[in-house]
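Undergrad: Predicted structure and sequence below. I'll ask about it afterward.
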Amino acid sequence: MIDYTQFTPLSALLGGALIGCSAFLLLYLNGRISGISGITSRLLEKPKQSTTASWLFVAGLIAGSALASSAFSLPVPKIDNSWPLIIASGLLVGFGSVYGSGCTSGHGVCGLARLSKRSLVSVPIFMLAAVLSYYLLSLAS
């Protein structure tokens, strides 16, 4: 079993800095917000009208994950759920991020940095829901 409780502040700091820098560069150089759920939903809705940059952005996410996983031999989490449940969960998360005008990380990274009113309201609600979920699940186990 993989121990996910180890906190490594240096890698967390480096990862956070890279995410912040990439979001800043996309906004500064292209005037676009690094909203992964928005970019992905536009690619799925209108693939022929999507820009090359959007396709490269999503390809970079996939390629970067594969490269990091092979370069650093990261552990592969074991998932015991069925494929229909995994697919249904992914679709629900995708629907929720489109319906909520962004995902939790997009609101946290890009929205808060731009002082978006929607994100300033959403992120504390996300955090409260996460703390409550953790608390309730810890009581159940």
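TA: Thanks, I have the structure now.
Undergrad: Identify the residue nearest the residue nearest in space to the middle of the chain in space, chain neighbours excluded?
TA: The residue lying closest to the centre of the chain (CA atoms, centre = their mean) is Ser105, at 5.1 Å. Excluding its sequence neighbours, the residue lying closest to Ser105 (CB to CB, 6 or more residues apart in numbering) is Ile36, at 7.7 Å. For the C-beta atoms, the positions are set from N, CA and C on the backbone; glycine is no exception.
Undergrad: now swap in Thr40 and tell me
TA: Val58 is the one closest to Thr40 (CB to CB, 6+ apart), at 6.3 Å.
Undergrad: And the one you found, how far from Ser34?
TA: Using CB to CB, to the nearest Å, Val58 is found at 12 Å from Ser34.
Undergrad: quick one: which of these two has more around it?
TA: Between Val58 and Ser34, Ser34 has the larger neighbour count (other CB atoms under 10 Å), namely 20 against 14.
Undergrad: Tell me the spacing between that one and Leu56.
TA: Distance, Ser34 to Leu56, using CB to CB: 13 Å.
Undergrad: ok, now Leu18?
TA: 17 Å.
Undergrad: now Cys21
TA: In terms of CB to CB, Cys21 sits 17 Å off from Leu56.
Undergrad: what about the helices in this protein?
TA: Along the chain, counting by DSSP state H, helices occupy 9-30, 36-45, 52-72, 83-99, 104-106, 112-113, 117-140.
Undergrad: Name the stretch among those helices that sits most buried.
TA: Most buried of those by mean neighbour count (mean count of other CB atoms under 10 Å) is helix 104-106; its value is a mean of 20.
Undergrad: packing partners for that one?
TA: Under the contact criterion of 3 or more CB pairs under 8 Å, 6 or more residues apart in numbering; DSSP states H and E, helix 104-106 touches helix 36-45, helix 117-140.
Undergrad: Format the ones you listed as JSON lines; extra columns: distance to Ser97.
TA: JSON lines is the format used below for the helices and strands packed on helix 104-106 (distance: least, CB to CB, whole Å):
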{"stretch": "helix 36-45", "distance to Ser97": "4"}
{"stretch": "helix 117-140", "distance to Ser97": "11"}
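Undergrad: quick one, which of those is nearest to Ser70?
TA: With CB to CB as the criterion, Ser70 lies closest to helix 36-45 of the helices and strands packed on helix 104-106, at 21.9 Å.
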